[in-house]
Every structure is written in C-alpha cells, then in structure tokens.
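A.B. asks: A predicted structure for the sequence below; I have some questions about it.
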Amino acid sequence: MPAPRKTSNSRSSAPPRKKPVTRKRTSKGKKGLSLEWKFAIVALLLVLFSPLYYGYIIKGFTSSWRWIKDVGEDPGYRTYNSFNIKIPKGHAIHGIDVSYYQGKIDWKQVKAMKEDDVAVKFAFIKATEGMFNVDPYFQRNWREAPKAGIICGAYHYFKPKKSGLWQAKFFLQTVKFEAGDLPPVVDIEELNGISSAAMRLELQVFLSHIEKKTNVKPIIYTGLSFYKDYLKGYFDEYPLWVAHYHQPRLKMSAGDWNFWQHSDKAKITGINHVVDFNVFNGDSLKFDSMLIR
C-alpha cells in the first residue's frame, strides 16, 4: 500500500517571529541654570556692554601702543600724532606763527585742538615786510585769533637794505598793539647784500623806534646760525626767538632765549597747510609777564 503523500499541512508550522520593536528613549528634562549662574551671566553682559568698560579697554590699548611706539625714542622728544611732529618735553606753553602762506584759518578749531598737555596758546602773525608789503591775511588773523582765545603777537619781516626807521613806522601804522598782546617782533634772517655792521645799524634804529613808541622791548626772531654769526653779543637786552628745527633741545644756554621755533611741519586742525610750531621758555607767570600792559 503506497505511503501517504506529505502535504503542506503536515509540516510543523512554528509561529512567525515578530520584529523587535525599537523603543524610543524618553529624554529626561534638562535641569535649568542655577540662580547664581544667571546673575553671573547678566553681570558679565552688563560689563561687556558698558561704555566705561570699552573706554577702559581702549585707553589701556592706546597706552600700550604708545609704549611700543616710543621704544627707542628720546623720552624728552616725543611724537604727537595729532600734530604730526615731535615736540620737546619740558615746556608747558606752545604756539604757532602764521602768514598768508597758511591761507584762511579757522581759529576756533586751532584753539580747540589738544593732545595730552599740548595745545596752542599763542600765535605770532605776520603783519608787514620791508616798507610797503602788508600780509593779505594779517587783519583777518589779528581780529579772529583773539576772539578764539589765543594770545597774539605781530611780526615784521626786516629788509636790511631799507631804512630801519621807515620800516618801524610802517609796521606801527599797520598794527595797533593793545594790553594783553605779545611784544612786537622783528624777523631778521638775511643781510640782503650789505655788511653785517650795516645790517645791525638799521636793525638798532628799528628796535629803538618801536620801543620808544610802545614802551615795550621788541622780540628779535632769527635762525640759530644767523644769530651766532651776526647778532650774538649785540642785542642781548632784547627778548630772543630762535628757529632751530627738528632737534630734541635748543643748543643755547637756557637763559639766552625766550621762544624756540622747533618745527616747520606741524599739522593743526583748522589750518590747511603745515605750520611752524614753537615753545616758550618758562612757566605761565613768566609768559604773562612778557605781555603788553
């Protein structure tokens, strides 16, 4: 008898395997920042966004940068970036001298300019030259500079070939000096083809007439070399203003000079051209004693 056929029903059927179910992990709630940390963060933000903080940081950075830049420089002859020149230390009173060469000047801006302890307190203004030439900007400068609070003096460019007396008269006809002004100045820089003795004769006539009419001893302006070659020992009773550029100190005895023109390349706010820069040899009391009474 044939064996019975196996059918599919005869196979042992195991129950189907179920795929494992992946359970999602439930994230535990994060703990919030403590109150102390919150206060610390708020305090830090307040500091970082405070103008005082940035002022302190900027000031510290500026000071550090100044120290780096000054390495190797003469500490008595520091660079002032605003003025774009080196300025010798040990002088508290600074000033400029101007002529038509500087063009139209905004004297209020000149007065407002300052870097550390350096600001423009006085200005010598060109008035006349020879016997006929009036500086075209003199009257404007002479009027506007005092309005801005700058103490002024006027100067005459001396021509030794011309009469010292007539040059003095021409100068005083142009400039009306008042109390509080600096003394009149005579600018002598050349011989004009005459002897040094002849130059000194005309210069003395000029000085004597100015002193007689104003009751003030005029200031003599000249270069260091010209002074040593032609003037030293002849006019020692007069105040002296000496030009000697780009040096840390003036190579003269401290008691021999009153003003020092130490640079001809200063940049001044309110003036569109480079300017001569000067220092006064003394304190504010000595400076005030020089002013016309």
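C.D. replies: Yes, it's here.
A.B. asks: low pLDDT regions in the stretch 1-150 of the chain?
C.D. replies: 1-32, 47, 50-73 (pLDDT under 70).
A.B. asks: try 50 this time
C.D. replies: Applying pLDDT under 50 to the stretch 1-150 of the chain flags the ranges 1-13, 23-24, 26-28, 63.
A.B. asks: quick one: the helices in it?
C.D. replies: For the stretch 1-150 of the chain, applying DSSP state H, counting those that start in this stretch gives helices covering 35-48, 51-69, 107-112, 138-147.
A.B. asks: show me this protein divided up by domain.
C.D. replies: 40-67, 77-290 (automatic domain parsing).
A.B. asks: out of those, deepest packed?
C.D. replies: Across the domains of the chain, averaging neighbours per residue (mean count of other Cβ atoms under 10 Å) puts domain 77-290 on top, at a mean of 18. (Glycine included, C-beta is placed from N, CA and C.)
A.B. asks: would you mind measuring the gap between the ends of that domain?
C.D. replies: 26 Å (Cα to Cα, to the nearest Å).
A.B. asks: equivalent analysis for stretch 235-248, please.
C.D. replies: Stretch 235-248 stretches 26 Å from its first residue to its last (Cα to Cα).
A.B. asks: report the rounded mean pLDDT for stretch 265-283.
C.D. replies: Average pLDDT, stretch 265-283: 98.
A.B. asks: for that stretch, what is the distance to the chain centroid?
C.D. replies: Averaging C-alpha positions (Cα atoms, centre = their mean, to the nearest Å) puts stretch 265-283 7 Å from its chain's average.
A.B. asks: over to stretch 184-192?
C.D. replies: The answer for stretch 184-192 is 28 Å, by Cα atoms, centre = their mean.
A.B. asks: which outside residues touch that stretch?
C.D. replies: Applying Cβ atoms under 8 Å, 6 or more residues apart in numbering, the contact partners of stretch 184-192 are 124, 126, 153-161, 171-172, 175, 177, 199, 203, 206-207, 210, 214, 216, 218-223, 226, 230-231, 241.
A.B. asks: got it, and stretch 136-143?
C.D. replies: With Cβ under 8 Å, 6+ apart, stretch 136-143 has contacts from 98-100, 102-105, 107, 123, 125-128, 152, 154, 174-175.
A.B. asks: could you do stretch 77-86 as well?
C.D. replies: The contact list for stretch 77-86 (Cβ under 8 Å, 6+ apart) reads 69-70, 73, 87-89, 113-116, 118, 246, 248-249, 263, 265-269, 277.
A.B. asks: how does it look with 7 Å?
C.D. replies: 70, 87-89, 113, 115, 118, 248, 263, 265-267, 277 (Cβ atoms under 7 Å, 6 or more residues apart in numbering).
A.B. asks: tell me the two of the residues you listed that are most distant?
C.D. replies: The span of those, defined through Cβ to Cβ, is set by M113 and P248 at 22.9 Å.
A.B. asks: contact partners for R200?
C.D. replies: Y234.
A.B. asks: do you know how far it is from A127?
C.D. replies: 23 Å (Cβ to Cβ, to the nearest Å).
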